[in-house]
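S.K.: sequence and predicted structure below; questions after.
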Amino acid sequence: MSSSVPSSVLPPSPAPSTPRLGGPQRRYKLETEIVYTESPDQYRSSSVPIYQTATFKQASGSEMGEYDYTRSGNPTRTQLERHLAKIMNASRVLAVASGMSAMDVIARLLRPGDEVIAGDDLYGGTNRLLKYLATNGGIAVHHVDTTSISAVTEKLNDKTAMVLLESPTNPLIKICDIPTITKLVKDAAPNAIVAVDNTMLSPIAQNPLDFGVDIVYESATKFLSGHHDLMAGVIAVNDEQLAEKLFFTVNATGCGLAPFDCWLLLRGVKTLAIRFEKAQSNAQTVAEFLEGMGFKVRYPGLKSHPQYDLHWSMARGAGAVLSFETGSVEASERIVESARLWGISVSFGCVNSLISMPCKMSHASIDPKVRAERALPEDLIRLCVGIEDASDLVDDLKHALFQAGVLKADPTSC
Ligand SMILES: Cc1ncc(COP(=O)(O)O)c(C=O)c1O
Ligand SMILES: N[C@@H](CCSC[C@H](N)C(=O)O)C(=O)O
């Protein structure tokens, strides 16, 4: 671990942008807090201004104002980070260029000889960065089935520096017991960092910091922004020393989120609650439809999910991403290509619905042999459900299944 930097180089520390400032000490419901922002703008602008500037003038060579250079800090980014800290129950949030950039900042806490425990089902880009670190950084990475507590604890030792969890995982929607794993890690390897990628649920449905994990990060490209019009990542922590180390890397490497993207993300996040609720309700309808058709559907909103109870002990929602198998790669390809409303695209958490085959798209960077060893089905179809009308989404799937020859009766004749 690197030595910490003096806090004097940090931009203004976050304070909650909440109506309780100057008013009663009241914490409102998340749906309320998420839309409420306060800006210190001199004109009391309702929308936080975009400080589209690289530099800030100083009163003299020796006096520095709150900001000097946007890589080190920018008022629009500070507003975004304060707002996210409030909704993620964090003392500090850092906004960076992408979800992978967030992961990179976190990974720079590692040193050669360190060991990392990560899932055997995880986003392809995360797998790629971990493989890079294992190949070039002298770091041992153990990929285990994180649904099994014993599989995780078997790999814990005094070299364990990080345990990296996704729950639900992308794309197999596996659930891991974040509170129990965190406690076991803290007991067995007290210096190890537990980091959770919360991209699949967003803070509206799950807040792993509440379970005592050290770091939560998300690809804000997904639910937090919601419109697939920007790339961003966020890192949330409650330990100020850890925040300083992470901020040091953000400043040193220059991956802080640009002002315009901060503004877009701040705008997008205000509709998170309502977007998530609708997308999730659509996902439930779609998951039930597919299960009713006899497919093996992976979605924590279904009672058939093997970790259904565990999921609901941690989360407030099932999310809007589900996956299912068809039994044949060719049939899956035909279904994906016959969809008209569902866009064939990577990513998720957007207002419009997407269909993809992870092994050919989001997880293609994982070696096919490794995918097979980890039992990632090649025929898996992932659905990332948006906020359209649920019956239109189901109708389009029926049409695609019929076109693909998987559904025998013509749905238009039903
Ligand atoms: C679970 C998960 N984490 C992290 C990332 C990386 O985010 P980004 O694409 O914003 O770099 C992605 C997708 O890209 C993801 O699906
Ligand atoms: N070509 C990209 C693929 C990005 S996948 C984005 C997203 N996380 C998802 O799961 O769909 C790459 O190689 O990273």
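M.R.: Arrived safely, thanks for sending. Ligands and ions are numbered 1, 2, ... in the order given.
S.K.: following the longest strand belonging to the chain, which helix or strand shows up next?
M.R.: The strand that spans the most residues within the chain, counting by DSSP state E, is strand 160-166. Downstream of strand 160-166, the next assigned helix or strand under DSSP states H and E is helix 178-188.
S.K.: would you pull up how far the longest helix seen in the chain lies from the middle of the chain?
M.R.: Criterion DSSP state H: the longest helix present in the chain is helix 272-292. Distance of helix 272-292 from its chain centroid, counting by C-alpha atoms, centre = their mean, to the nearest Å, is 18 Å.
S.K.: just checking, what packs against that helix?
M.R.: For helix 272-292, the elements it packs on are helix 30-33, strand 296-298, strand 321-325, helix 390-403, judged by 3 or more C-beta pairs under 8 Å, 6 or more residues apart in numbering; DSSP states H and E. To be clear about C-beta, it is placed using only N, CA and C from the backbone, and glycine gets the same treatment.
S.K.: okay, those, which one's buried deepest?
M.R.: Compared across the helices and strands packed on helix 272-292, strand 321-325 shows the largest average neighbour count, a mean of 24 (mean count of other C-beta atoms under 10 Å).
S.K.: quick one: pLDDT of the closest residue in space to residue 353 that isn't next to it in sequence?
M.R.: Leaving aside its sequence neighbours, residue 353 sits nearest to residue 386 (C-beta to C-beta, 6 or more residues apart in numbering; 4.0 Å). Model confidence at residue 386, given as pLDDT, is 98.
S.K.: could you shift the numbering so residue one becomes 5, and keep it that way?
M.R.: Sure, I'll start numbering at 5, so the last one becomes residue 390.
S.K.: neighbours of residue 390, how many?
M.R.: Counted with other C-beta atoms under 10 Å, residues neighbouring residue 390 total 23.
S.K.: likewise the one 3 residues further on?
M.R.: Around residue 393 there are 11 other residues, counting by other C-beta under 10 Å.
S.K.: do you have the helices of the chain handy? List them.
M.R.: Taking DSSP H as the test, the helices found in the chain are 34-37, 79-91, 103-111, 128-140, 153-159, 182-192, 244-257, 263-273, 276-296, 312-318, 333-342, 372-377, 394-407.
S.K.: quick revisit: make a markdown table out of the helices and strands packed on helix 276-296 and add mean pLDDT and distance to residue 310.
M.R.: Converted to a markdown table, the helices and strands packed on helix 276-296 look like this (pLDDT from 0 to 100; distance: least, C-beta to C-beta, whole Å):
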| stretch | mean pLDDT | distance to residue 310 |
| --- | --- | --- |
| helix 34-37 | 92 | 28 |
| strand 300-302 | 97 | 9 |
| strand 325-329 | 98 | 14 |
| helix 394-407 | 97 | 24 |
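S.K.: mind checking the ones you listed for the one nearest to ligand 1?
M.R.: strand 325-329 (8.9 Å; C-beta to the nearest ligand atom).
S.K.: so what strands line up beside that closest one?
M.R.: Strand 325-329 pairs in its sheet with strand 300-302 (antiparallel), strand 385-388 (antiparallel), by DSSP bridges.
S.K.: then stretch 99-118 to PDB, C-alphas only?
M.R.: Taking C-alpha atoms only, stretch 99-118 is exported to PDB below (Å, rounded to 0.1, in the frame of the first residue of the first chain):
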ATOM      1  CA  ALA A  99     -15.800  10.200 -10.100                       C
ATOM      2  CA  VAL A 100     -13.600   8.900 -12.900                       C
ATOM      3  CA  ALA A 101     -13.500   8.300 -16.600                       C
ATOM      4  CA  SER A 102     -15.100   4.800 -16.700                       C
ATOM      5  CA  GLY A 103     -15.900   1.800 -14.600                       C
ATOM      6  CA  MET A 104     -12.600   0.200 -15.700                       C
ATOM      7  CA  SER A 105     -10.800   3.400 -14.700                       C
ATOM      8  CA  ALA A 106     -12.400   3.000 -11.200                       C
ATOM      9  CA  MET A 107     -11.200  -0.600 -11.100                       C
ATOM     10  CA  ASP A 108      -7.700   0.500 -12.300                       C
ATOM     11  CA  VAL A 109      -7.500   3.200  -9.500                       C
ATOM     12  CA  ILE A 110      -8.500   0.500  -6.900                       C
ATOM     13  CA  ALA A 111      -6.000  -2.100  -8.400                       C
ATOM     14  CA  ARG A 112      -3.200   0.400  -7.900                       C
ATOM     15  CA  LEU A 113      -3.500  -0.200  -4.200                       C
ATOM     16  CA  LEU A 114      -1.900  -3.700  -4.900                       C
ATOM     17  CA  ARG A 115       1.800  -4.500  -4.800                       C
ATOM     18  CA  PRO A 116       3.800  -7.300  -6.300                       C
ATOM     19  CA  GLY A 117       3.400 -10.400  -4.200                       C
ATOM     20  CA  ASP A 118      -0.200  -9.500  -3.200                       C
END
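S.K.: in it, what's buried?
M.R.: Within stretch 99-118, the residues that count as buried by 16 or more other C-beta atoms under 10 Å are 99-114, 118.
S.K.: please list the residues of this protein that sit near ligand 1.
M.R.: Within the chain, the positions near ligand 1 by C-beta under 6 Å from any ligand atom are 102-104, 127, 129-130, 170, 174, 201, 203-204, 223, 225, 235, 237.
S.K.: same thing but at 5 Å, please
M.R.: 102, 103, 104, 127, 174, 201, 203, 223, 225 (C-beta under 5 Å from any ligand atom).
S.K.: and ligand 2, which of the residues you listed contact it?
M.R.: Of the residues of the chain next to ligand 1, not one also sits near ligand 2 (C-beta under 5 Å from any ligand atom).
S.K.: and these, which is closest to residue 244?
M.R.: Taking C-beta to C-beta as the measure, residue 244 lies nearest residue 201 of those, at 22.3 Å.
S.K.: so what pLDDT did that closest one get?
M.R.: Predicted confidence (pLDDT) for residue 201: 98.
S.K.: cool, residue 41 as well?
M.R.: You'll see residue 41 listed with a pLDDT of 83.
S.K.: please apply the same query to residue 413.
M.R.: pLDDT for residue 413: 80.
S.K.: list the residues that contact the closest residue to it other than its chain neighbours.
M.R.: Spatial nearest neighbour of residue 413, excluding adjacent residues (C-beta to C-beta, 6+ apart): residue 406 at 7.4 Å. By C-beta atoms under 8 Å, 6 or more residues apart in numbering, the contact set of residue 406 is 412, 413, 414, 415.
S.K.: quick check: the gap between the residue in the stretch 155-304 of the chain positioned nearest to ligand 2 and residue 53.
M.R.: Ligand 2 sits closest to residue 174 of the stretch 155-304 of the chain, with a gap of 5.3 Å, by C-beta to the nearest ligand atom. Distance, residue 174 to residue 53, by C-beta to C-beta, to the nearest Å: 35 Å.
S.K.: alright, I will stop here.
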